[in-house]
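A.B. asks: pasting a predicted model and its sequence here:
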Amino acid sequence: MTKKLYYDSSYLTQWDTTILETVKKDDGYYVILEETAFYPHGGGQPCDYGYIQDVPVLDVFNEGEHIFHKLERVPEEMNVACSIDWNRRFDHMQQHSGQHLLSAVCWELVQAMTLSFHLGTDYCTIDVEAAELNIGQLDSIEREVNRRIYKNHSILSYCVSEDEVKQLSLVKQPKVTENIRIVEIKDVEHNACGGTHVHSTGEIGMIKLLRTEKHKGNTRIYFKCGYRALEEFNDCQQILGTVSAKFNTGKDEIMDRIEKWEKEHKQLQAELAILKEKDAEYTAKQLLAEQDGPLIAHVFEDKNMKELQSLAAKITPHTNVPVLLATAAENKVVLSQKSDAGHSCGAFFKEHLGNYNGKGGGSPLMAQAGFPTWEDAHAFYEFTKRMFKNN
């Protein structure tokens, strides 16, 4: 069985050991080491990465009594030098220790027990047994958990027996009954845990709560610790600086400027809608005035489907001939007619669209279709013109 060096010290990053066994599986090569500091997946914490004799470690996991290390290839030597990706390891230590402290504060302040923990690539989450946490409660939790960080409580890890664990005040009882590993935050809590942790709460740096959401009747809290929290702050500062520059104002006045901009935008949208309506009415009258023959047909360069349908609806009640409109901007075609016409727009599209790679359909009074290219759309438009003019 592999000796687990990460239980002796979370800060060990380099060591020499021996490959006990090499395993070839369908998805690659694996080795079992005599000693390993590579933490495997477990307890909500991802595995470590690093190198075994300069060969990248791609995955680490438990299988029975063994810890398997997935490699790009098998090292030529059996005696190997190993190294941990320290940035990844320390990040996981900050997040995991931060989670313990956050869970303890959630229990202490609002009696919300942590049900699960996920340490993701971008953020962490805990699901707590609470239907809802209001803004005031979340603010209190965040302030208290960071106060505990600044007090720099020692974080210890050790193993106890089944009898000894009964003397500890644990929120959740462990599933194992021997060699029970306890992570203790001095003067805060004891927790059964097999993960890697920092030596004191000060190394967590800070904890920032990001948002919450309801999940299976409980509350999921998104958060970041340490360097992740610092990067989140820097990203927000960059966005804030960009917005400040865009509105040419200080950060304290940004919300006022945005509200003013929204009002102006809504006013412009309303004015634009009025102008578009007037333009559509003018275009409809113009097309009706230019009607010559058994069909009104026109191609537009810049209209969208909604505008074509609206325009067709304005024209159709005032003429006894079908209305055929197309737009090069979206490769779309619309056909409409009065209710007393002798043919169906939808049936016509269904019968002929396939010959032009078109997709669409509609009712007897109006049909619409889209095409992969303007060439296809225009070809269908010209075909429809010929069919209606010939009939």
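C.D. replies: Here it is on my side, so go on. Numbering: from 1, shown residues only.

A.B. asks: wait, Glu132 sits on Thr219?
C.D. replies: Yes. With contact defined as Cβ atoms under 8 Å, Glu132 counts as touching Thr219 (6.4 Å). All C-beta atoms are positioned from the backbone trio N, CA, C, and that covers glycine.

A.B. asks: the more surrounded of the two?
C.D. replies: Thr219 (23 against 9; other Cβ atoms under 10 Å).

A.B. asks: the more buried one falls within a helix, correct?
C.D. replies: No. When classified by DSSP: H, G, I helix; E, B strand; the rest coil, Thr219 is found to be strand rather than part of a helix.

A.B. asks: may I have the beta-bridge partners of it?
C.D. replies: For Thr219, the beta-bridge assignment (DSSP bridges) gives partners Val128, Lys214.

A.B. asks: gap between it and Arg147?
C.D. replies: The gap separating Thr219 from Arg147 is 22 Å, by Cβ to Cβ, to the nearest Å.

A.B. asks: send me stretch 35-51 as PDB with only the CA atoms.
C.D. replies: Output in PDB follows, covering the C-alpha atoms of stretch 35-51 (Å, rounded to 0.1, in the frame of the first residue of the first chain):
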ATOM      1  CA  GLU A  35       5.300   6.900  -1.400                       C
ATOM      2  CA  THR A  36       3.200   9.700  -2.800                       C
ATOM      3  CA  ALA A  37       2.400  13.300  -2.000                       C
ATOM      4  CA  PHE A  38       0.000  13.600  -4.900                       C
ATOM      5  CA  TYR A  39      -3.500  14.100  -3.500                       C
ATOM      6  CA  PRO A  40      -6.100  12.000  -5.200                       C
ATOM      7  CA  HIS A  41      -9.700  13.100  -6.000                       C
ATOM      8  CA  GLY A  42     -11.800  13.000  -2.900                       C
ATOM      9  CA  GLY A  43     -13.900  14.900  -0.400                       C
ATOM     10  CA  GLY A  44     -14.900  17.600  -2.900                       C
ATOM     11  CA  GLN A  45     -11.200  18.400  -3.600                       C
ATOM     12  CA  PRO A  46      -9.600  17.700  -7.100                       C
ATOM     13  CA  CYS A  47      -6.300  15.800  -7.400                       C
ATOM     14  CA  ASP A  48      -2.800  17.300  -7.600                       C
ATOM     15  CA  TYR A  49      -0.800  17.600 -10.800                       C
ATOM     16  CA  GLY A  50       2.900  17.600 -11.200                       C
ATOM     17  CA  TYR A  51       5.700  15.400 -12.500                       C
END
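
A.B. asks: contacts for that stretch?
C.D. replies: By Cβ atoms under 8 Å, 6 or more residues apart in numbering, the list of residues contacting stretch 35-51 from outside reads 2-6, 9, 12-13, 15, 17, 56-62, 67-69, 82-85, 88-89, 92, 95-96, 99, 116-119, 193-196.

A.B. asks: give me the subset of these lying in helices.
C.D. replies: For the contacts of stretch 35-51, the ones inside helices are 88-89, 92, 95-96, 99, with DSSP state H as the criterion.

A.B. asks: for those, which one is nearest Cys225?
C.D. replies: Using Cβ to Cβ, the shortest approach to Cys225 within the ones in helices among the contacts of stretch 35-51 belongs to Gln95, at 5.0 Å.

A.B. asks: the closest one contacts Cys225, doesn't it?
C.D. replies: Yes. Counting by Cβ under 8 Å, Cys225 is a contact partner of Gln95 at 5.0 Å.

A.B. asks: now for the two: what residues contact both?
C.D. replies: In terms of Cβ under 8 Å, 6+ apart, Gln95 and Cys225 are both contacted by the residues Cys124.

A.B. asks: which strand residues bridge Pro114?
C.D. replies: Not quite, residue 114 is Thr, not Pro. In this structure, Thr114 has beta-bridge partners Val128, where bridges are defined by DSSP bridges.

A.B. asks: residue contacts, it?
C.D. replies: For Thr114, the contact set (Cβ under 8 Å, 6+ apart) comprises 99, 103, 106-107, 126-129, 171.

A.B. asks: distance of it relative to Val171?
C.D. replies: Thr114 is 8 Å from Val171, by Cβ to Cβ.

A.B. asks: again with Gln111
C.D. replies: 10 Å.

A.B. asks: tell me which of these two has more neighbours.
C.D. replies: Per other Cβ under 10 Å, whichever of Gln111 and Val171 has more neighbours is Val171, with 13 against 10.
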